[in-house]
Structures are given as C-alpha cells and as structure tokens.
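sequence and predicted structure below; questions after.
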2 protein chains.
Amino acid sequence: MSNPRAAILIIGDEILSGRTREGNAWYLAGELTRIGIDLQEIRVVGDDHATIRGAVQALSGAHDHLFTSGGIGPTHDDITADAVADAFGAPISVRDDARALLAAHYAARGVEFNEARQRMARIPDGATLIDNPVSVAPGFTIGNCHVMAGVPNVFQAMVASVLPTLTGGAPLLSQSLRVQMPEGVVAAPLGALAAEYPDLSMGSYPYSQDGVPGTNLVVRGQDAARIDAAMTRLHALFGATA
Amino acid sequence: MSNPRAAILIIGDEILSGRTREGNAWYLAGELTRIGIDLQEIRVVGDDHATIRGAVQALSGAHDHLFTSGGIGPTHDDITADAVADAFGAPISVRDDARALLAAHYAARGVEFNEARQRMARIPDGATLIDNPVSVAPGFTIGNCHVMAGVPNVFQAMVASVLPTLTGGAPLLSQSLRVQMPEGVVAAPLGALAAEYPDLSMGSYPYSQDGVPGTNLVVRGQDAARIDAAMTRLHALFGATA
C-alpha cells in the first residue's frame, strides 16, 4: 500500500524577491516524512489571485493533500483565502464561527476588532477551521487543501493542529554514512548497490571539509530491515570514516 | 517595457524529505532581483526523470529563463542532464569539450578520470557550457534553460558565470519601514495607500519582539522616485518607530 502524496504551496512576493528565506516548507517536509506522507513537490508563487488559484487547482488535483503557507493576514496583499475559495468554486465571506473566535480574542485584550481584522474571518463555505493557538486567526481546510499562515511560529502551530487529523502511511526512514572519499570514487559501487535495492533510495551528497572532499551517503525507505541490510553493505564497501 | 521573467527548478529528494534546507533559490532570487529579472515561480521536485522533464518543459515554456539546481554530479541519482536533454528533444552523450576540461583537471591532480566522473561530461547537443571555477565539472545552457549544480558554493559560482550573459531589465528596488503597530492597525491605511500606487507593490510582514507586535512594511517597484514618494506617505501615516 503506497503512502498518501502531498504538495506544499508557499505564497508570497517576499520569497520571490529574495527578501525572505523560506523555512516553512523545510519544516513541514520533515514532519510529513515522520508521519509517512510523501512530499512530491514544493512550489512558491507570488501574491496574484489567478496564479494562486491555478497552482491550487493543479496541486490539489494531482496529490492527496495540499498544504499552503502565507497570505491569510489582515492586509490588502492577503488574498490566499479568496483565491483558494475560487479554486474550489466555493463562496467566501466573513463566517460567524471565525468572527466569534476573533471577536472574543480582541475583546479580552481591549483591542478594536476593526474591518481589516474581520478580513481574517473570511472563510470559504464548507471549510473546516484550523486551530491557531498562537494568534487565534484560524486557518482552514477545504477539500484536500489545508490553508495556513506564513508567520513561522503560527504555521508550525497550525501544522500541529492539522497533521493528527490526517492518515499517514509507513514513515520514510533513513540512515546515513559519512565517508572521506570524493563522490567520483563512491559513485560506481554505490550505483551498483542501489541497483540491488530498487525498493530503497540511495542519495549521495558531496561536501568539502578543510579542503578534503567527502560524501554523505543517505539510504531512505520504509523497511527498517532492508535499510539495515543496505547499510551493512555500505559499511563493507566504504568503511566508517566519519 | 517589462522585465524578463524567470523560474527556478530545484531538483533533489533530500529537499523533499526535509533533510536539507534549500538555500540556492533564495540566493538566486536576490541576484535576479538585483539585475532586473522577475522571478515568478520556484518549484522543487524529486529525482525522477519524467517529473524533471515535465517541470522543465512547463517552466521553460512559460518563462524567459529557467534556472535549475541539482542532480549533475557523478552518481546514479544525478539524472538532471539527461532529463533536461529529453525535455528539449536533444541527444546527449559525453561531449569532447566537457571531457577535455575534466580530464585536464583530474590529470593535474593525479586522480583517476573514471567512468563515474566521465558522467559529468554528459552534455546535450547544442548546449553551451557554464564555467565552474570551483570544481570544473561544467553546467550548461540549452535553449532558455540554465542547468547548474546543487552544491551551494558551486551553484553560486555558476550563477556568477551565467548572469552577466543575460539581459536584465529595471532592477526591482525596495525600501522598508518598521513600525511598532500590529498588522491589524496598519492594514486599512496601508491598503488605501497601495490603491493610490498601483505601480508599486506594498507588502506587510508582522513580527513580534519581546511580545510586542510590530509590522515591517516593504515597498517594491522599479521607479526610485515613486518609491520615495510612497515612503514619505508611509512615514507620515505611521511615523518612524524603529
């Protein structure tokens, strides 16, 4: 039985301009690996309605799950909720349940619940709210699309709210071996071993330390015993030269 | 006259598994902004021939330039060159010019130029080599697609080789203002100002420092005088509260 497949869509001009180094995809990639959901693609697009709608339709159609990050705040450039609603053909407006959450939050702090903040209660019809224990303004799930904030600590809190509701598969396990040999020496025996273990993925990642080239070998798969067997062979081929 | 448009394709299972935090797209995004090439999309896919081929065709077809990173080393999982050749319908084999570069490099160091290393001389017919002053194995440009290494210092060296050969446009300029007000307060006046300056992009990025919420406002565009004018208005609206 194969694992569920997923994509991540990151939304924001600040990533494409180079202003911000994206880290939410990296965080979620690790979490998905842990629970056995196979991440197939990450895509980053800007704050443009038609572009977001098109990416949501393409990625939600091609995968079991789509996770988005960014563009659900109170300002004019926060257009993700409307674009996602459009992608699913769902009406969107300020929804009572989300408005009530935010109204209580601001009332408790004596802060005005103004029109901009009410924008964060715009939720598509039929969507389920995603809990935001950090700053209350919720994300939402519509169809197979999980819409979350871009601020890293809020994103991580929403991921923690969503992932337990999903059915994962066999976690992707990995082991690695660091060898003080250049990739060009490792390549042939590694390739031969990889051909013997078609159910595993074997990656090689060159590094250079104090001018000496080395290679990190990583074996990934879902069967711990098979990975153990492959690692034994790797140790025999290259030794442990960490 | 509008700027050239570009996409970045990052190739590697190690990104999708969460093992590696990608940084090449972030680096190149900043460089493209500097020379006036508009980055429209970043995509990350795994080490799969058909997936890479499909992404190369989609992204090179929809943009003036496509930059790829990863998968051009000597090991069995380095399949980018073949997939890109396939995407452009070009034959690929070990090419004499690339082989000569590598042969001289290894000969000078007394290192065997074995079959795995010769794999790095596989270059599609009709492609132009991209200089690699770090570790010699070249990248290449075929059509509008610039194929570069994934190792960060090699990637950056190849970017430095390629960018001067491209014609950019008006650089994307930006100025920012840090205000100690939550995004929900800034949102309405910022949105009204953004509507007055449709030629500029105004972004707002919330932060929290010692529990006090604030917002970074960023104005982007190609006309320095217009950005200055907008910043004067922003200062008048929100003051300088850094």
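Sure, I can see it.

ok, now which ones touch the residue most central in space within chain A?
Taking Cα atoms, centre = their mean as the criterion, A:Leu28 is the residue nearest the geometric centre of chain A, at 3.6 Å. By Cβ atoms under 8 Å, 6 or more residues apart in numbering or on different chains, the contact list for A:Leu28 reads A:8, A:39, A:67, A:69, A:155, A:159, B:18. Where you see a C-beta, it was placed from the backbone N, CA and C, and this is true even at glycine.

one more time with 10 Å
A:6, A:8, A:10, A:37, A:39, A:42, A:67, A:69, A:146, A:148, A:155-156, A:159, A:162-163, B:18 (Cβ atoms under 10 Å, 6 or more residues apart in numbering or on different chains).

could you dump the helix or strand bottoming out on mean pLDDT in chain A to PDB, C-alpha only?
When the helices and strands of chain A are compared on mean pLDDT, DSSP states H and E, strand A:201-209 comes out lowest with a mean of 89. Coordinates of the C-alpha atoms in strand A:201-209 are reproduced here as PDB (Å, rounded to 0.1, in the frame of the first residue of the first chain):
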ATOM      1  CA  SER A 201      16.500   5.400  -2.400                       C
ATOM      2  CA  MET A 202      20.200   6.000  -2.100                       C
ATOM      3  CA  GLY A 203      21.500   9.500  -2.300                       C
ATOM      4  CA  SER A 204      25.000  10.900  -2.200                       C
ATOM      5  CA  TYR A 205      25.800  14.500  -1.200                       C
ATOM      6  CA  PRO A 206      29.300  15.800  -1.600                       C
ATOM      7  CA  TYR A 207      31.000  18.000   1.000                       C
ATOM      8  CA  SER A 208      34.400  19.500   1.500                       C
ATOM      9  CA  GLN A 209      36.000  19.900   4.900                       C
END
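
buried residues in the helix or strand just after it?
Going down the chain from strand A:201-209, the next helix or strand is strand A:212-221, by DSSP states H and E. Within strand A:212-221, the residues scored as buried using 16 or more other Cβ atoms under 10 Å in any protein chain shown are A:214-221.

helix or strand for the residue nearest to the centre of chain A, which one?
Using DSSP H and E, the element containing A:Leu28 is helix A:24-35.

pLDDT (mean, whole number) over that helix?
When pLDDT is averaged along helix A:24-35, the result is 96.

pull out the buried residues from it.
In helix A:24-35, counting by 16+ other Cβ under 10 Å, buried: A:24-29, A:31-33, A:35.

list just the nearest of the contacts of A:Leu28 to B:Leu172.
For those, the minimum distance to B:Leu172 (Cβ to Cβ) is 18.9 Å, reached by A:Ile10.

just give me how far the very next helix or strand once past the helix holding A:Leu28 sits from the chain centre.
The helix or strand immediately downstream of helix A:24-35 is strand A:38-45, counting by DSSP H and E. The chain centre lies 7 Å from the centre of strand A:38-45; the measure is Cα atoms, centre = their mean, to the nearest Å.

of the buried residues of strand A:212-221, which ones also sit close to chain B?
Filtering these for neighbours of chain B using Cβ under 10 Å from any Cβ of the partner chain leaves A:215-218, A:220.

with respect to A:Val94, which of the residues you listed is nearest?
Out of those, the member with the shortest distance to A:Val94 (by Cβ to Cβ) is A:Arg220, at 44.9 Å.

that closest one contacts A:Gln175, correct?
Yes. Assessed by Cβ atoms under 10 Å, A:Arg220 is found in contact with A:Gln175 at 8.5 Å.

hey, what's in contact with both of the two?
Counting by Cβ under 10 Å, 6+ apart, the common neighbours of A:Arg220 and A:Gln175 are A:227, A:230.

need the pLDDT of A:Arg220.
As predicted, A:Arg220 sits at a pLDDT of 93.

hmm, I typed the wrong one, I wanted A:Ala229.
So, for A:Ala229, pLDDT stands at 97.

and for the one 5 residues further on?
Here the pLDDT value assigned to A:Leu234 is 95.

just the element for it, please.
helix A:224-238.

neighbouring contacts of that helix?
Against helix A:224-238 from outside (Cβ under 10 Å, 6+ apart): A:170-171, A:173-181, A:185-186, A:189-190, A:192-194, A:196-197, A:199-200, A:202, A:215, A:217, A:219-221, A:223, A:240.

select only the buried ones of the residues you listed in PyMOL?
Here is the PyMOL command that selects the buried residues among these (16+ other Cβ under 10 Å):
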select buried, chain A and resi 173+174+177+179+181+185+186+190+193+194+197+200+202+215+217+219+220+221
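
could you give me the buried positions within stretch A:119-130?
Within stretch A:119-130, the residues scored as buried using 16+ other Cβ under 10 Å are A:119-124, A:127, A:129-130.

same question for stretch A:54-64, mean pLDDT?
Stretch A:54-64 comes out with an average pLDDT of 98.

right, is it up against chain B?
Yes. Using Cβ under 10 Å from any Cβ, stretch A:54-64 comes into contact with chain B via A:55, A:58.
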